[in-house]
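Student: coords please:
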Amino acid sequence: MADVKDLFKSADWKKEKHVPVIDAPDKVKKGEIFNIKVEIGKEIPHPNTTEHHIRWVDVYFLPDGEAFPCQIGKLQFESHGESAQGPNTGTVYTHPIAVISLKTGKSGIIFASSYCNVHGLWQNSKELKVE
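Tutor: You can find the predicted model right below:
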């Protein structure tokens, strides 16, 4: 029987267009608001067509010493060039970027996952230090 964690793929985002790239500070001050930007296709653009697109991005934060992460954001990408005239004939194509502002009192790990309708689930993580 497969385990859901085994379905997630990861790779070097500079060589693989499906990996969520987490752009966040390495260190922040306790209680100060900061931004986390997650982008799919930062180095190698993802096609984002009707047939091949990023459907969603989830972002979690696991504070040090805690048992469970907090879901800090979920963004769905709904426009991929669809229209009544057929695939890729619409004029709106979403690009998979999410920006989330937050504050925390603890260091921890930021986790990002994404879903490509053709290539499945992808993940990445980044440490965050709180001073």
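Student: low pLDDT regions in this protein?
Tutor: For the chain, applying pLDDT under 70 flags no range at all.
Student: From what I see, Ile72 and Leu102 are in contact.
Tutor: Yes: here Ile72 lies in contact with Leu102, judged by CB atoms under 8 Å, at a distance of 5.7 Å. Just so you know, the C-beta spots here come from the backbone N, C-alpha and C atoms, and that holds for glycine as well.
Student: Quickly list what's touching both of these two.
Tutor: 36, 61 (CB atoms under 8 Å, 6 or more residues apart in numbering).
Student: most remote residue from this protein's center?
Tutor: Using CA atoms, centre = their mean, the residue of the chain lying farthest from its centre is Gln85. It sits 30.7 Å away.
Student: Can you give me the distance of that one to Thr50?
Tutor: Distance, Gln85 to Thr50, using CB to CB, to the nearest Å: 11 Å.
Student: same question, Ser83
Tutor: As judged by CB to CB, Ser83 and Thr50 stand 9 Å apart.
Student: what's the answer for Glu39, then?
Tutor: Glu39 sits 21 Å away from Thr50, going by CB to CB.
Student: Asp23 now?
Tutor: Asp23 is 28 Å from Thr50, by CB to CB.
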